[in-house]
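Trainee: kindly generate the corresponding structure for this input.
(3 chains)
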Amino acid sequence: MTAAAPTAATRPTRIWDTFSRNRLSWIGLALIALIVLTAIAAALIAPYDPLEQDIVARLEPPSAEHWLGTDTYGRDVLSRMIYAARISIVVGFVATMIAMTIGSAIGILCGYVGGLFDQFMMGLLDVMLAFPTLLLGLMIAAMLGASLENLIIAIAITEIAPFARIARAPTITLKQLDFVEAGRALGFGPVRIMGVHILPNMISDVVVMGSLWMASAIRTEAALSFIGLGVPPPTATWGSMIREGFDNILDAWWLAVFPSLAILATVLALNLLGDALRDAADPKLRAE
Amino acid sequence: MIHYATRRLLLAIPTLLVMLTAIFVLVRLVPGDPAAVILGDQASEASLKILRAKLGLDQPIGVQYVAFMHDVFTGHLGQSLSSGRPVIQEVLLVLPSTIELTLAAIIIGLLLGLPLGVVAAVKRNRWPDYASRIVSLFGLSFPAFVSGILLLIVFAVELGWLPVLGSGDGGGLAGRLRSLALPSVNLGLIMMAYVARITRSSMLGVLGEDYIRTARAKGVRPPRLIMRHALRNALIPIITVVGLYFGTLVGNSVLTEIIFNRPGLGKLILGALNARDYTLLQGLMIMFAICVILVNILTDLAYGLVDPRVKYR
Amino acid sequence: MDQVVTARAPAVDLREPALDIRGLRTEFRIGGRWHAAVRDVSLTLHANETLAIVGESGSGKSVTALSVLRLLPGAGARIGAGAVIFAGRDLMRLSEAEMSDVRGNAIAMIFQEPMTSLNPTMTIGDQIAEAIVVHRGAAWAFARAQALRLLDEVKIPSAATRLDDYPHQFSGGMRQRVMIAMALACRPQVLLADEPTTALDVTIQAQVLRQLAELKRAYGMAMLFITHNLGVVAQIADRVAVMYAGAIVEVASVADLFARPMHPYTAALLRAMPRVDRYAKGLEPIPGGVPALTAMPSGCAYAPRCPLKQPGCTAHHPDLLRFRDGHHVRCPVVLPGAGQ
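Mentor: Numbering: from 1, shown residues only, chains lettered A, B, ... in the order given. Predicted structure coming up:
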C-alpha cells in the first residue's frame, strides 16, 4: 500500500465544512465567544469592583442596584461572576493546552518507539487513567497547596494521560504507512518524522478532544474551588462563590444559583463545540 | 464460561501488583514527614526518630516495599493517623452508606438511561431524539456539586419535600429512602446522561447492520427487533462505557456526599487529605484500586454473558 | 414429488404470475433531492420459475428486490411509484404490520453477505426457529425441532449438535445454508436471492447453487435471483432480465439471451465474460462507466458507451418492446420502433 502523505490541509477543511453546517456548533461557538469576551472585558462590563465590600448591603436578593444580589460581605454577585469567568477560562485553557502538548508528545513518543518503553509508560498511564479526574486533581492540589499556578498544574496533570492515549493510537497506525518508511529511507531523524509527518495527521483528533477536555477542566476547577483547594479568597471564582452559596443555602439562594448557571453555560458551550467537532471529524468519513 | 472467568481472574493479579506498586510510589512522593504529622510541630527530634523507626520509615526503600506488599496481602492496612483506629475499621464504618448511594445511582442511571437512548436511536432526528440529546447534554455539563446544590435548593429548601441534611438515622426505612432520594437522583441523572448517550450511538450503529435487515426480512416486528436483535448487540459498547464510568461515579459521589452531608468514603478522603493522614489515604487508595480491578473483572464477565464470541476465544 | 432431477426445471406455469412488478420506481435522496435508482421496472415472475436479474453494481438490481419487500433503508429512500402484485394484493398498499406478515412467510429473502447477515448473539437454531414462532405462533420447542429438520435439509453436518452454535462458529458456505434454511422455514412461495453466492469461494458457490435449485424444486417456489455473474445465470435461471442504470434493457429466456443477445449492453456483457468453450483473443471490457444517479442522461442511459449509438438515442428514452415471444428489448437501433 502506497499512501501519499495525507496533507494537513485536507482534513481540517473537510472538518470545517461539516462543522459549519451544524446549527448546534454555532450556538456553542457563539456562547463561548460571549463568555470569553466577557472575561476579557471584565473591567469594562462589571458594574462594581468585585472585591468591594459593603457591610450594610449584605446578603441582599437581586434588585435594581445589584442585579444578581450581594454576598455575605456585601459584594456584588454579578461583578464577581464576571471576574470569576477569567479564572475559569484561563485555568481551563492553559491547563488543557499544557496537557495537550505534554500528553501528545508522550503519546507520539510511546507509539513511535514502541517496545518495552511503550509497555511501561502505558502501564503507568493506565493507572493514572483509572483514577477519577476529580480525585487525582484533589490529591495533587492538596499536596501542592492552593494557588492559581498549582491549580493549573494539578488539572493539567490529570489530563495528560488521556491525551497521551489519544495521540498514541494514530501514531501506531501512521508509523506503519509507507510515507514514514520513505522518510526513514531518506535519512530523516525520528524527531523530524514525528514532528513533521506524524503530528499533523493526528492534530484534528487531538484538537477535537481539546475542546471536550477544556469543558472537563473547567468542571474540575469549579469542583476544586468549591472544596477549597482552588484560588484562595478573596478572589472570585465560580466554585468558591457556590461554596458560599452552599453555606448560606437556607437564606440566600441567589448566591449558589447564578454562578451555577455560569458554569453550566460554559461547560455546555464547550461540550456542544466539542461534540460538533467530533461529529465533523468522524472516522467514518475518513478514507482509512 | 467458567473457564473464561478463571482466566480473567488470573489476569487481574499482575494488574493488582502494578497498581499497588504505583500507590506505594505515589504515597511516598507526598512531601512531608508522617512522623511530624503524628507527633505535631513541637515534637523533639529524638521522639521523631523513634516513631520513624517504629513506622519502618528509616529502612531502605526496597525493604519498605516488601513490608508494604506483605501488609496489604495480610490485610494490615495500618492505622489512621488522625483517629488511631485501624484503616479497615474506618472504611467499613462508612462503606454501607457509600454502597447504598452508588447502587441507587446505578439503578436510576440504567433504568432511565437505557430506554432514553433506545428511543433516541429508534426515533432518530425526530423530537424524542432531540429531547433525549438535550437532556443528555445537560446531564453531562452539570458538575455533580452544581446539580446537587440546585436540587437541594429546589426540593429541600424551597419546596421542603425532602430533608436538607443527614442520612436519616431516624424514621426507619422511609426515612432512609427520603434522605437517599436527592443524592441518588443527583448521581443517577448524571449517569443517565452518559448511558443515554452511549446507548443512542451504539444502537444507531447496530440498527444499520446487515443482520437487522435480515431479521426484518424474516418478518420480525419492531418491538422484538429492537429488544432481541438490536439492543442485545448494542450492549457491548454500553457495558464498556458503564465500566469506565465507575471512576467518574466515584468522583461525583465524593461531591454528592459533601453536599448532602452523608457519611461515606468521600468525606473520609477529604478528611484524610486535610489532616495529612497518610496511612488512611494509602489505605483508601488501595481499596479504590481493588474496586477498579473488581469493576473491570465484572465488566469483562458481563461481556462474556452478552457476546458469545468472547467466551470462545 | 418424484421427478427426475434434470439441469432444467419442469415446465414453467405461465398462467398465474407469482409476483408481478409493475412500473416500479425507487428513489434515493442525495444532496437534498430525490433521484431514481430504479426507473419504471416491470417484471413478471411465474410460479416455479427462476428469473435472474443481471447487471453491474449500481444497476438497481438489489434495490429492486429490496423494494418488493419494502426493506429500503430508512429516511433516505422511498418508493416513488409502481405496484407489486402478490396473491391478488398490491404489496405497496399494505400497512407495515401486514407487510411484516408477508416477509419471511409468503415471500422470503436471502442476502449477499453471510458473515454479517446473521445475528452474532443468537444461536442459529433460534434464528431459524424465530421465523416459525413469529409467523405460526408455534412454541419454541416445536420451532426448534423444525429448525433441526431444516438444517438437515440444507445438509449441515451433525445438525443436532450445531443447533446451539453461534454464527461465528460456521464457515461462509455453511452460514449461507443457514440463511437459506431460515428463509425456507415458513415455506414461502417466492424467494428473493440477492447475490447469495457472490461472497463465497467458487467451489462452495457451486454447491450452494445446486442446493438452491433442488430446494426450489422441492418446495415449489418461484425464485428471483440477482447476480452480476452471467455464468451463474446460465446454471440456474430459466429467464433473465438485464438491468442497466435502473432500467431493464432486455428480458429473455436464458437460451435466447445467450444465443442471440439483442441489446448492445447484453452483447457487451457476454463478450466481456471469459468462456471456456470458445477461443477468445482476450477479454473485452466495456469502456466508460455507469452514470451516477444524480447525473442520469435524458434519453438512453447506455448511449454514451454504446457502439451502435445514433443521434436520436440521446433525445428520447426508449421503450421496452417485444422482439419475439418472451424476448423484449429496449433499443431503437436494434429494434426499430422502440424509440418515439
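Trainee: so residue A:142 touches residue B:273, yeah?
Mentor: Yes - if you go by Cβ atoms under 8 Å, residue A:142 and residue B:273 touch, sitting 4.3 Å apart. Backbone N, C-alpha and C define where each C-beta goes, glycine included.
Trainee: who has more neighbours out of the two?
Mentor: In this view residue A:142 and residue B:273 are compared by other Cβ atoms under 10 Å in any protein chain shown, and residue A:142 has more residues nearby, 23 against 20.
Trainee: give me the element the more buried one is part of.
Mentor: Using DSSP states H and E, residue A:142 sits in helix A:133-144.
Trainee: what of residue B:94?
Mentor: helix B:87-122.
Trainee: next: residue B:212.
Mentor: Using DSSP H and E, residue B:212 falls within helix B:210-218.
Trainee: extract the CA atoms of that helix and return them as PDB.
Mentor: Provided in PDB are the C-alpha atoms of helix B:210-218 (Å, rounded to 0.1, in the frame of the first residue of the first chain):
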ATOM      1  CA  ASP B 210     -27.000  -6.400   7.900                       C
ATOM      2  CA  TYR B 211     -28.500  -8.800  10.400                       C
ATOM      3  CA  ILE B 212     -31.100  -6.300  11.400                       C
ATOM      4  CA  ARG B 213     -32.200  -6.200   7.800                       C
ATOM      5  CA  THR B 214     -32.200 -10.000   7.700                       C
ATOM      6  CA  ALA B 215     -34.400 -10.000  10.800                       C
ATOM      7  CA  ARG B 216     -36.800  -7.500   9.200                       C
ATOM      8  CA  ALA B 217     -36.900  -9.700   6.100                       C
ATOM      9  CA  LYS B 218     -37.900 -12.500   8.300                       C
END
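Trainee: can you get me a residue count around residue A:102?
Mentor: 16.
Trainee: now for the closest residue to it other than its chain neighbours: which residues touch it?
Mentor: Leaving aside its sequence neighbours, residue A:102 sits nearest to residue A:160 (Cβ to Cβ, 6 or more residues apart in numbering or on different chains; 5.6 Å). Taking Cβ atoms under 8 Å, 6 or more residues apart in numbering or on different chains, we find residue A:160 in contact with A:99, A:102, A:103, A:106, A:128.
Trainee: in these, find the pair that's most separated.
Mentor: The distance between the two most remote of these (Cβ to Cβ) is 12.7 Å, for A:102 and A:128.
Trainee: sorry, back to before: right, is the helix holding residue B:212 up against chain C?
Mentor: Yes - interface with chain C: helix B:210-218 contributes B:210, B:211, B:213, B:214, B:215, B:216, B:217, B:218 (Cβ under 8 Å from any Cβ of the partner chain).
Trainee: I'd like to know the average pLDDT value across whichever strand or helix holds residue C:206.
Mentor: Take DSSP H and E as the rule and residue C:206 turns out to sit in helix C:202-219. Mean pLDDT, computed over helix C:202-219, is 88.
Trainee: now the residues of helix B:210-218 next to chain C in a markdown table, with pLDDT?
Mentor: A markdown table is the format used below for those (pLDDT from 0 to 100):
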| residue | pLDDT |
| --- | --- |
| B:210 | 91 |
| B:211 | 94 |
| B:213 | 93 |
| B:214 | 94 |
| B:215 | 94 |
| B:216 | 93 |
| B:217 | 94 |
| B:218 | 93 |
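Trainee: roughly how far is stretch C:216-232 from the heart of the chain?
Mentor: 7 Å (Cα atoms, centre = their mean, to the nearest Å).
Trainee: check which residues of that stretch are buried.
Mentor: The neighbour-count check on stretch C:216-232 (16 or more other Cβ atoms under 10 Å in any protein chain shown) flags C:216, C:217, C:221, C:222, C:223, C:224, C:225, C:226, C:227, C:228, C:230, C:232 as buried.
Trainee: how close does residue A:234 sit to chain B?
Mentor: Residue A:234 sits 21 Å away from chain B, going by Cβ to the nearest Cβ, to the nearest Å.
Trainee: surely that residue meets residue A:49?
Mentor: No - between residue A:234 and residue A:49 there is no contact under Cβ under 8 Å: 11.2 Å.
Trainee: check the gap between residue A:210 and residue C:98 for me.
Mentor: Residue A:210 sits at a distance of 53 Å from residue C:98 (criterion: Cβ to Cβ, to the nearest Å).
Trainee: more neighbours, these two?
Mentor: When residue A:210 and residue C:98 are compared for neighbours, residue A:210 comes out ahead with 24 against 11, by other Cβ under 10 Å.
Trainee: nearest residue to the more buried one other than its sequence neighbours?
Mentor: Leaving aside its sequence neighbours, residue A:210 sits nearest to residue A:100 (Cβ to Cβ, 6+ apart; 5.4 Å).
Trainee: residue contacts, the residue of chain B found nearest chain A?
Mentor: Using Cβ to the nearest Cβ, residue B:251 is the residue of chain B that sits closest to chain A, at 3.4 Å. Residue B:251 is in contact with A:132, A:133, A:134, A:135, B:144, counting by Cβ under 8 Å, 6+ apart.
Trainee: from the contacts of residue A:160, which has minimum pLDDT?
Mentor: Lowest-confidence member of the contacts of residue A:160: residue A:128, scoring 77 (pLDDT).
Trainee: in the stretch 1-150 of chain A, which spans are helices?
Mentor: Secondary structure of the stretch 1-150 of chain A (DSSP state H, counting those that start in this stretch): helices at A:10-21, A:23-40, A:42-45, A:77-113, A:115-130, A:133-144, A:148-175.
Trainee: near chain A, which residues of chain B?
Mentor: B:18-19, B:22, B:30-31, B:137-138, B:140-146, B:149-150, B:152-153, B:157-158, B:164, B:247-252, B:254-255, B:258-259, B:269-270, B:273-274, B:281, B:288-289, B:292.
Trainee: cool, chain C as well?
Mentor: So chain C never meets chain A (Cβ under 8 Å from any Cβ).
Trainee: for the residue in chain C that chain A sits nearest to, what are phi and psi?
Mentor: Residue nearest to chain A within chain C: residue C:32 (11.9 Å; Cβ to the nearest Cβ). Per-residue torsions, residue C:32: phi 90, psi -10 (degrees, to the nearest 10).
Trainee: next, work out how far apart it and residue C:294 are.
Mentor: 11 Å.
Trainee: of the two, which one has the most company?
Mentor: residue C:294 (10 against 5).
Trainee: can you name the residues that contact that one?
Mentor: Contacts of residue C:294 (Cβ under 8 Å, 6+ apart): C:30, C:31, C:33, C:35.
Trainee: not counting its neighbours along the chain, what's nearest residue 192?
Mentor: Using chain A. Distances taken as Cβ to Cβ, 6+ apart place residue A:183 nearest to residue A:192, at 7.5 Å, with adjacent residues excluded.
Trainee: the chain in question should be chain C.
Mentor: The shortest distance from residue C:192 to any non-neighbouring residue, by Cβ to Cβ, 6+ apart, is to residue C:109 (4.2 Å).
Trainee: what do you get for residue A:99?
Mentor: Among residues not flanking residue A:99 along the chain, residue A:159 sits closest, at 3.5 Å (Cβ to Cβ, 6+ apart).
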